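>>> Next comes the sequence, and after it the predicted model I'd like to discuss.
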Amino acid sequence: MTDTTETARHAPAGGTAPPGPAHDRQPDDLVRQVLSTVRGDDERLRELIGGLVTHLHAFVAQTRPSEDEWLRALDFLVRTGRACTDRRDEFILLSDMLGLTSAVDEVNHTGPPAMTPSSVEGPFHSPAPPRPMGAWIAEGPELGRGERAVVHGRITDCGGRPLAGAVLDVWQANDTGLYDSQDDEQPDGNLRALFTTGPDGAYWFRTVKPASYPVPTDGPVGELLRALGRHPMRPAHIHLRVEAAGHRSLTTHVFAAEDPYLGSDAAFAVKDALIAPFAPAAGEDTARRFGMDGPFLAAEFDIRLAAAPAAETGGTRA
């Protein structure tokens, strides 16, 4: 005879009795039980948490981690959180190193084939000073020791029509692989700029060629990279973010074609269309055009923006 009092005592508020003893429960029963608690009014939250629960339980069933391994994994996550500061986010770094940041970027930035591909923003973006077109963005000690370079191109729509009034946000590391936020020798805003295009959509600026650099390895993510036998290097690149009225904003990179880490970027962010040679510029006309008085490198990189959907522009499109 069933003890209805005992059953009622352990039943949840909804009135349904809990499942039997754990040794009678199959893995799929546990997943279904957990998923049954994923409620609430936010449909998208239910979808996200439901998918996360399903995949995490499948991971446990597939890999069968020991209790000690699971506790070590939780400790890793705790230490990752503790490594975060106002100037460093170890969780973003972890996402980058597992390729998850690039995966999220790719599912969110699909578009027409002519569109310049997007790439990850990275952790070093900060407000940049407005500068006149063609300005030197290098103001620190790297200007005296680095390879001088001109980066230039046009910002257009996917049909090649120039976009006037496009705002180009630029940030990069210096010739030793450091951003201004990492280097006390660099002035604030060094190697950063905001440019606005004219009617021809052209942009250009003077700088030093960036260097490849390692991501921070003095925290838990560095431990993981070493345990996996992975290097921490990112190939030399310049970050670009572009906004233009009526078009989707774009965050991307231009990678130096000569860099040895293009095929093994620790952040998995390299795309073929984002690689440009930094080649020695030749000819007095080229030097006069860019206001250079000595040897320099030139990199040409055109940027094509996709039109924004009508919902984003407040109107309709033909």
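Okay, I see it. Every value quoted in this text rests on a predicted model; they were computed, and no experiment measured them.
>>> low-scoring stretches of the stretch 1-150 of the chain, by residue?
1-23 (pLDDT under 70).
>>> which residues of it fall in helices?
4-10, 27-35, 43-63, 67-82, 90-97, 100-108, 142-145 (DSSP state H, counting those that start in this stretch).
>>> Can you say which of these is packed in most?
Neighbour counts (mean count of other C-beta atoms under 10 Å) averaged over each of the helices of the stretch 1-150 of the chain peak at helix 90-97, with a mean of 20. (C-beta placed from N, C-alpha, C; glycine too.)
>>> Need the contact partners of it.
If you take C-beta atoms under 8 Å, 6 or more residues apart in numbering as the criterion, helix 90-97 is touched by 80-81, 83-84, 101-102, 120, 122-123, 215-216, 219-221, 224-225, 230, 266-268.
>>> Just the buried ones out of those, please.
Buried by 16 or more other C-beta atoms under 10 Å: 80, 83, 101-102, 120, 122-123, 215, 219-221, 224-225, 266-268, out of those.
>>> picking that back up, nearest to Pro130, out of the helices of the stretch 1-150 of the chain?
Closest to Pro130 of the helices of the stretch 1-150 of the chain is helix 142-145 (C-beta to C-beta; 19.8 Å).
>>> then the closest one to PDB, C-alphas only?
Only the C-alpha atoms of helix 142-145 are listed here, as PDB (Å, rounded to 0.1, in the frame of the first residue of the first chain):
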ATOM      1  CA  GLU A 142      57.100  53.400 -32.000                       C
ATOM      2  CA  LEU A 143      57.100  56.300 -34.500                       C
ATOM      3  CA  GLY A 144      60.900  56.400 -34.200                       C
ATOM      4  CA  ARG A 145      61.600  52.700 -34.400                       C
END
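>>> closest to Val167 out of the helices of the stretch 1-150 of the chain?
Shortest distance between Val167 and these, using C-beta to C-beta, is found for helix 100-108: 20.6 Å.
>>> From the contact counts, what lies against that closest one?
With contacts defined as 3 or more C-beta pairs under 8 Å, 6 or more residues apart in numbering; DSSP states H and E, the packing partners of helix 100-108 are helix 90-97.
>>> Look up how far Gly51 lies from the residue nearest to Val31 when sequence neighbours are not counted.
Among residues not flanking Val31 along the chain, His57 sits closest, at 4.7 Å (C-beta to C-beta, 6 or more residues apart in numbering). Distance check for His57 against Gly51: by C-beta to C-beta, to the nearest Å, it reads 11 Å.
>>> Equivalent analysis for Val221, please.
Per C-beta to C-beta, Val221 is found 25 Å from Gly51.
>>> Asp184 - how many residues pack around it?
7 (other C-beta atoms under 10 Å).
>>> before we move on, what SS does it have?
coil (DSSP: H, G, I helix; E, B strand; the rest coil).
>>> Next, work out how far apart it and Ala211 are.
18 Å.
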